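In: With the sequence up front, the predicted model follows.
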Amino acid sequence: AQTVTQSQPEMSVQEAETVTLSCTYDTSESDYYLFWYKQPPSRQMILVIRQEAYKQQNATENRFSVNFQKAAKSFSLKISDSQLGDAAMYFCAYRSLWAGGTSYGKLTFGQGTILTVHP
Amino acid sequence: GAVVSQHPSWVICKSGTSVKIECRSLDFQATTMFWYRQFPKQSLMLMATSNEGSKATYEQGVEKDKFLINHASLTLSTLTVTSAHPEDSSFYICSAIRTSGSGETQYFGPGTRLLVL
């Protein structure tokens, strides 16, 4: 079974600064997806960024980028020019690419990191 | 964009009663939906996978008879908490997989907060 670990329960950053959230995972599979989700105080889960393991290029979405290190099984999220609206709980998640049957589409989440943005 | 709704958003019930939570995919069909439970400041815990037209698949430790799941159509899955007790109080979130030409994306509902008195 896959596991996802977020070792930073809480992080804080000054507005306009950069912050990096860590995520490591354990899997024996070679093909999979990795995600970062944001859960603001409203508790609506929002997809921030997605990475396919077979792509070597790190995914980027505006101010959000990842550092995907497949061999090290590491998937960190960098938030540049942090904004007050970035304050939320962030979850790293794993999904098998080829899983079917009862495992189809299942996401394995990390414990989450609460990000505070200071003005 | 794709939207998943949940109803109700908030529910308070007495201990021993049953509560039904609906999850709808508003602009796409979803053969697979998921139900999660989340405690404050904790991660999402997958309860079960809801499959249209077939029985739900429950995760280990989740009581099938207590958390009844029905996925009667391609846009609706329901979770019924039967004989609810205070320990069932939690935040319940559903998600649905949308398949398109560009691949698959999982969308989450806004969640339902359940308080059992």
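Out: Right, received. Where do you want to start? In this text the structure is predicted, and so the values were computed from the model without any measurement.
In: For B:T31, list the residues it contacts.
Out: For B:T31, the residues meeting the contact criterion (Cβ atoms under 8 Å, 6 or more residues apart in numbering or on different chains) are B:51-52, B:74, B:97. Every residue, glycine included, has its C-beta placed from N, CA and C.
In: Flag every residue of chain A that's near chain B.
Out: A:37, A:42-47, A:89, A:91, A:95, A:102, A:104-107, A:109-112, A:114 (Cβ under 8 Å from any Cβ of the partner chain).
In: What separation do you get for the residue sitting nearest the centre point of chain A and B:G53?
Out: Against the mean C-alpha coordinate of chain A, by Cα atoms, centre = their mean, the closest residue is A:W36 at 2.8 Å. Going from A:W36 to B:G53 by Cβ to Cβ, to the nearest Å gives 33 Å.
In: likewise B:A84?
Out: 27 Å.
In: Which one's more surrounded, those two?
Out: B:A84 (22 against 9; other Cβ atoms under 10 Å in any protein chain shown).
In: Identify the residue nearest the more buried one in space, chain neighbours excluded?
Out: Counting by Cβ to Cβ, 6 or more residues apart in numbering or on different chains, B:A84 lies nearest to B:V116, which is 4.5 Å off, once chain neighbours are set aside.
In: burial measure for that neighbour, as a count.
Out: Summarising burial for B:V116: neighbours were counted as other Cβ under 10 Å, giving 20.
In: again with A:T60
Out: The tally of other residues near A:T60 (other Cβ under 10 Å) stands at 12.
In: Identify the residues contacting it.
Out: Neighbouring residues of A:T60 by Cβ under 8 Å, 6+ apart: A:49, A:66.
In: do the one 4 residues further on as well
Out: Applying Cβ under 8 Å, 6+ apart, we find A:F64 in contact with A:36, A:48-49, A:77-80.
In: swap the cut-off to 6 Å and go again
Out: By Cβ atoms under 6 Å, 6 or more residues apart in numbering or on different chains, the residues touching A:F64 are A:48-49, A:79.
In: Most neighbours of all those residues, which one?
Out: The most crowded member of the contacts of A:F64, judged by other Cβ under 10 Å, is A:I79 (23 neighbours).
In: Taking chain A, what residue is nearest to chain B?
Out: Chain A approaches chain B most closely through A:M45 (3.7 Å), counting by Cβ to the nearest Cβ.
In: Can you list the low-confidence ranges for chain B?
Out: The model of chain B has pLDDT under 70 over residues B:1-2.
In: any bit of the longest strand along it sitting next to chain A?
Out: For chain B, the strand reaching the highest residue count under DSSP state E is reported as strand B:90-100. Yes: under the criterion of Cβ under 6 Å from any Cβ of the partner chain, chain A is reached by strand B:90-100 at B:I97.
In: What are the buried residues along that strand?
Out: By neighbour count, with 16 or more other Cβ atoms under 10 Å in any protein chain shown as the criterion, the buried positions of strand B:90-100 are B:90-98.
In: ok, now stretch A:87-103?
Out: Of the residues in stretch A:87-103, A:87-96 count as buried by neighbour count, 16+ other Cβ under 10 Å.
In: Could you do stretch A:34-54 as well?
Out: Of all the residues in stretch A:34-54, those buried under the rule 16+ other Cβ under 10 Å are A:34-39, A:43, A:45, A:48-51, A:53.
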